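Participant: Provided below are the primary sequence and the corresponding predicted coordinates.
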Amino acid sequence: MVDVIDAPVQQLLKERMGTLTPIVLEIVNESQGHGGYYPGKESHFKLTIVSPVFDGLRAVQRHQKVYAAAGDLLSVGKIHALAIHAYAPDEWQGQSVDSPNCAHN
């Protein structure tokens, strides 16, 4: 695993989500739509992940697995907001879900 200091947050998040054996993984940096944005900022992400790990789990349990895999990336100064769209393979139909609007826009 790459050290947090050496790699952009989005790349680190991708590596961490790899531990959930995704068959679909999409990470979108949505920081530009939020307050305090500057070029290169990585604070708000939308994560779409499809994994057999989520079979039989409720949404909150899936989110807990994502939080555990993300670990310290969800701390102050790193990821401020993470919109999670987690699916089991039999639920996935290629859907794209919009993230909610930021309260600071």
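Facilitator: Nice, I can see it. Numbering: from 1, shown residues only.
Participant: which other helices and strands contact the top helix by length along the chain?
Facilitator: When the chain is parsed with DSSP state H, its longest helix is helix 59-70. Counting contacts by 3 or more C-beta pairs under 8 Å, 6 or more residues apart in numbering; DSSP states H and E, helix 59-70 is packed against helix 9-17, strand 81-87. All C-beta atoms are positioned from the backbone trio N, CA, C, and that covers glycine.
Participant: With distance to residue 51 and mean neighbour count added, can I get these in CSV?
Facilitator: CSV is the format used below for those (distance: least, C-beta to C-beta, whole Å; neighbours: other C-beta atoms under 10 Å):
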stretch, distance to residue 51, mean neighbour count
helix 9-17, 9, 18
strand 81-87, 7, 18
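Participant: now the longest helix of the chain: mean pLDDT?
Facilitator: The pLDDT scores in helix 59-70 average 98.
Participant: ok, and the closest non-adjacent residue to residue 53?
Facilitator: Spatially, and ignoring its direct neighbours in sequence, residue 53 is nearest to residue 20 (5.0 Å; C-beta to C-beta, 6 or more residues apart in numbering).
Participant: What's opposite the residue most central in space within the chain in the beta bridge?
Facilitator: Centrality entry for the chain: nearest residue to the mean C-alpha point is residue 47, 3.5 Å, by C-alpha atoms, centre = their mean. For residue 47, the beta-bridge partners under DSSP bridges are residue 27, residue 84.
Participant: Using the three-state scheme, assign residue 49.
Facilitator: strand (DSSP: H, G, I helix; E, B strand; the rest coil).
Participant: wait, doesn't the residue nearest to the centre of the chain sit right on residue 26?
Facilitator: Yes - between residue 47 and residue 26 there is a contact under C-beta atoms under 8 Å: 7.4 Å.
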